[in-house]
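In: Give me coordinates for this.
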Amino acid sequence: MKDLYHISFNSNLPSTLLPREPDMLSEDSNEHNLGSRVSFAPTVRQCAIALYFNLPKDFTFNKEVNFYVYKLNSTKTLKEIPRVELEKHIFDVKVTDEVCITEPCPIKKIGKIAVKYDKNKPIYTEFYSKRLLAGYEPTIKVTEFYTNDVINIDGIIHLKKSK
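Out: Prediction:
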């Protein structure tokens, strides 16, 4: 499989993530129709944008938010919800390129990042002909590496520095 990332506040996620409905979906969210899944994105930036609306509002512009970076750790192709279905239910998928996997996902923790959102750089998307705020541009810095894996922020590759 291609490199896919998942970020979390949790520093000790299990080595295999089981599909479930995401936390904090509003009752009227279209996403309920997708069922249980594990969400990933091709870059850490896209993960940070996807999580923007899940953050406490006092964090979003005033503080750096720390996340742990996990990478999908599978060489086999895992079952995904088709992109066309995601576009019907996830309003920001055109920005985040979210990939939703519907079977257990082996992962490994590869690093830690600090994210700060820039209120002067909103990101918009279109969903059913409506222009919607998808989030704000994140500034991301890698603060720790746990493996020799590449951390793809947004096409800018970060590598652990050799001593």
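In: helix/strand/coil for the most centrally placed residue in the chain?
Out: When the chain is reduced to its mean C-alpha position, the nearest residue by Cα atoms, centre = their mean turns out to be Cys47, at 2.3 Å. Three-state secondary structure (criterion: DSSP: H, G, I helix; E, B strand; the rest coil) places Cys47 in helix.
In: per-residue pLDDT, it?
Out: According to the predicted model, the pLDDT of Cys47 comes to 96.
In: Name all residues that make contact with Phe40.
Out: Under the criterion of Cβ atoms under 8 Å, 6 or more residues apart in numbering, the contact list for Phe40 reads 4-6, 47, 72, 98-101, 105. Backbone N, C-alpha and C define where each C-beta goes, glycine included.
In: Rebuild the residues you listed as a markdown table, extending it with distance to Lys119.
Out: Formatted as a markdown table, the entries for the contacts of Phe40 read as follows, by distance: Cβ to Cβ, whole Å:
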| residue | distance to Lys119 |
| --- | --- |
| Leu4 | 28 |
| Tyr5 | 24 |
| His6 | 26 |
| Cys47 | 20 |
| Leu72 | 31 |
| Glu98 | 23 |
| Val99 | 28 |
| Cys100 | 29 |
| Ile101 | 32 |
| Cys105 | 33 |
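In: of those, closest to Glu85?
Out: Cys100 (8.5 Å; Cβ to Cβ).
In: before we move on, back to that, give me the distance between the residue nearest to the centre of the chain and Leu72.
Out: Cys47 is 12 Å from Leu72, where distance means Cβ to Cβ, to the nearest Å.
In: overlap in contacts of the two?
Out: Here Cys47 and Leu72 share the contacting residues 5-6, 40, scored by Cβ under 8 Å, 6+ apart.
In: taking those residues one by one, which sit in strands?
Out: 5-6, 40 (DSSP state E).
In: Next secondary structure element downstream of the longest strand along the chain?
Out: Assignment by DSSP E gives strand 105-127 as the longest strand of the chain. Per DSSP states H and E, strand 105-127 leads on to strand 130-145 as the next helix or strand towards the C-terminus.
In: Pull out the buried residues from that following strand.
Out: Residues of strand 130-145 classed as buried: 134-138, 140, 142, 145 (neighbour count, 16 or more other Cβ atoms under 10 Å).
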